[in-house]
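>>> got a structure for you, letters missing:
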């Protein structure tokens, strides 16, 4: 019996993150379908995560639908985000999205930027 191939998502989204994405989309202008996540060069550690409202998938975007929320991953960020869990945390001192990324090498002290390495191929 042949095993069915299953598409692996670039990132996984926790229920808490999905709930916050849904809230953002519901409170945004009409036409917004989800959040686009990416990375950019900058910050004291070298890179930072980016998020923006998305009205449609851009060419090459990876679409992840989970718990009723849609997250689009910028194709330039895929190798840096493979295996990442997107979460949302609310604590006494901080509220926001958290990226539990196995490709993260280090982070700056202020928490605004990270050092990422591309994901390695697994054989």
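Looks like it arrived, so ask away. Computed from a prediction, not measured in an experiment: that's the story for all the values here. Numbering: from 1, shown residues only.
>>> for the residue nearest to the spatial centre of the chain, what are phi and psi?
Compute the mean C-alpha point of the chain, and by C-alpha atoms, centre = their mean the closest residue is residue 37, 4.8 Å away. When read as degrees, to the nearest 10, the backbone of residue 37 gives phi -110, psi 140.
>>> residue contacts, it?
Residues near residue 37 by C-beta atoms under 8 Å, 6 or more residues apart in numbering: 11, 49-51, 71-74, 77, 81, 86. To be clear about C-beta, it is placed using only N, CA and C from the backbone, and glycine gets the same treatment.
>>> again, only this time at 10 Å
Neighbouring residues of residue 37 by C-beta atoms under 10 Å, 6 or more residues apart in numbering: 10-11, 13, 21, 49-52, 54, 61-62, 64, 71-74, 77, 81, 84, 86, 97, 99.
>>> who's it bridged to?
residue 51, residue 73 (DSSP bridges).
>>> any idea how far it is from residue 70?
11 Å (C-beta to C-beta, to the nearest Å).
>>> residue ranges with poor pLDDT in the protein?
1-8, 43-45, 106-123 (pLDDT under 70).
>>> how about the helices in it?
When secondary structure is read from DSSP state H, the chain shows helices at 15-27, 78-81.
>>> for residue 91, find the nearest of these.
Nearest to residue 91, of all those, is helix 15-27, at 12.1 Å by C-beta to C-beta.
>>> can you pull the buried residues of the closest one?
16-18, 20-21, 25 (16 or more other C-beta atoms under 10 Å).
>>> same deal with stretch 67-77?
Using 16+ other C-beta under 10 Å as the test for burial, stretch 67-77 gives 69-74, 77.
>>> tell me the one of those residues nearest residue 30?
residue 70 (15.1 Å).
>>> right, and that closest one touches residue 9 too?
No: judged on C-beta atoms under 10 Å, residue 70 makes no contact with residue 9 at a distance of 11.9 Å.
>>> picking up where we left off before, which residues are in contact with each of residue 37 and residue 70?
13, 21, 54, 64.
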